[in-house]
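Peer 1: Quick check, what structure comes out for this input:
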Amino acid sequence: MLFKQVVGQEDIKHRLIRMVKEKRVSHSLLFSGPEGNGKLAMAISFAQYLNCLNPSDTDSCGECSSCKKYAKLVHPDLHFVFPVIKGNSTSSPVSDNFITEWRELVNESPYFSLTTWLNQIRKEGENKQGAIFTSESSEIIKKLSLKTFEGKYKVMIIWMPEKMNESTSNKLLKILEEPSQKTVFILVSNKPDEMISTILSRTQQLKIPALPQDVIANHLSEKFDKSLSEVTGAAKVANGNLIAGEDQVQMSEENKFFFEQFVQMMRHSYARKVGDLLKWVEEMSRQPREMQRNFLNYAIKMIRENYIMNFKQPDIVYLTPEQHNWSTKFSPFINDNNAMMITEDFALADSHIGQNGNSKVILFDLGLKLIISIKEGN
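Peer 2: Next up is the predicted model:
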């Protein structure tokens with residue numbers, strides 16, 4: 001992937017190129033920042049630039065043997081680690097078991113969420129979270145023990161390192177402390193604060209910002225062949241997240257589902273219909289855990305937007321027309337008395353589900369808390 005194919009982030013591109021030219025490439029880099037800012041695309045582009053045989057002052061050549069292999073993600077010195085789903089077997093899976101699916105998705109577009117990736121590899125009926133398992137560390141050691149095949153550097157891109165369990169993290173730490181020669185680790189993280197501190201301290205962190213609204217709008221206009229006026233709303237709602245912007249234009253099924261579920265949950269809680277709320281919990285608890293957590297984070301965003309609507313400042317409200325129409329009536333029920341309480345309850349539910357708690361119990365408890373919070377707030 002070429003730097004010019006990465007949307008925006010010109011300052012970051014210049015910094016990385018300068019790093020190479022000045023021979024200041026760290027053996028362990030951490031690309032961090034919010035979802036949808038192009039971190040993974042940037043990591044692949046940087047890795048390609050490191051191994052390009054004829055790099056220019058602004059980009060890889062795109063024509064040499066190394067670049068052609070990078071374009072297909074099949075360069076022998078490029079390695080990936082990413083969350084996978086453990087099947088019914090007792091052995092822990094590794095990323096290489098899913099490398100074909102990974103290449104297909106990344107080559108289609110390197111802008112995607114963890115949910116999109118896990119849905120790509122999740123079998124029907126599975127409800128397991130993705131993780132980077134302990135067996136992955138042995139694969140990393142084995143790959144990095146070999147000399148470079150044909151590139152200048154061996155590059156290991158670890159996507160979502162916050163999904164490593166403690167054992168995997170500790171083994172990776174030992175590798176980072178004593179890296180192989182001409183090896184570069186690029187960790188790509190949405191939530192670096194969820195990684196162990198000792199790994200953070202051994203990486204050079206590059207914080208990549210959210211994308212500006214005009215950059216997202218221009219990208220959406222070009223990709224979907226729409227006028228800027230048609231995509232301005234989607235770019236605003238995206239709030240710096242290119243993935244969300246594309247979802248808005250395409251009206252993704254996940255977004256529609258989340259909005260419908262949020263409306264139902266709020267209506268049942270406001271009307272204190274515990275029986276209907278219980279039915280809603282049954283339906284939501286059947287969804288994969290990652291989907292449940294994504295819904296809870298979507299709900300936190302909706303609570304925030306509804307609270308902001310009360311200040312009559314439309315420029316800082318990020319809602320689609322459909323969401324806005326519904327929120328016009330609902331927003332008065334989210335105010336100073338309960339907004340923080342409701343947000344904290346949703347965040348706590350997300351944390352508990354992330355720790356493999358019983359989702360039925362957690363979601364029903366959340367619904368009961370909502371009944372009280374909405375009542376106390378009005």
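
Peer 1: do you know how far the closest residue to residue 210 other than its chain neighbours is from residue 103?
Peer 2: Distance criterion C-beta to C-beta, 6 or more residues apart in numbering; nearest residue to residue 210, sequence neighbours excluded, is residue 240 at 2.6 Å. (Glycine included, C-beta is placed from N, CA and C.) Distance of residue 240 to residue 103, computed by C-beta to C-beta, to the nearest Å: 27 Å.

Peer 1: OK, contacts around the residue nearest to residue 210?
Peer 2: 34, 36-37, 209-213, 216 (C-beta atoms under 8 Å, 6 or more residues apart in numbering).

Peer 1: If you rank those residues by neighbours, which is first?
Peer 2: residue 216 (29 neighbours; other C-beta atoms under 10 Å).

Peer 1: Please look at it and residue 232 and confirm they touch.
Peer 2: No. Counting by C-beta atoms under 8 Å, residue 216 stays clear of residue 232, with 9.7 Å between them.

Peer 1: List the contacts of the residue nearest to residue 183 when sequence neighbours are not counted.
Peer 2: Closest residue in space to residue 183, ignoring its immediate chain neighbours: residue 154 at 4.7 Å, by C-beta to C-beta, 6+ apart. Applying C-beta under 8 Å, 6+ apart, we find residue 154 in contact with 77, 79, 143-144, 146, 148, 180, 182-184.

Peer 1: mind showing which ranges of the stretch 251-378 of the chain have poor pLDDT?
Peer 2: Residues of the stretch 251-378 of the chain that meet the criterion pLDDT under 70 lie in 251-252, 377-378.

Peer 1: Helices of that one, residue ranges please.
Peer 2: 253-271, 274-285, 289-309, 321-330, 339-354, 359-376 (DSSP state H, counting those that start in this stretch).

Peer 1: Using JSON lines, lay out these together with mean neighbour count and distance to residue 41.
Peer 2: As requested, the helices of the stretch 251-378 of the chain are exported to JSON lines (neighbours: other C-beta atoms under 10 Å; distance: least, C-beta to C-beta, whole Å):
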{"stretch": "helix 253-271", "mean neighbour count": "17", "distance to residue 41": "21"}
{"stretch": "helix 274-285", "mean neighbour count": "16", "distance to residue 41": "32"}
{"stretch": "helix 289-309", "mean neighbour count": "20", "distance to residue 41": "21"}
{"stretch": "helix 321-330", "mean neighbour count": "14", "distance to residue 41": "28"}
{"stretch": "helix 339-354", "mean neighbour count": "18", "distance to residue 41": "26"}
{"stretch": "helix 359-376", "mean neighbour count": "18", "distance to residue 41": "33"}
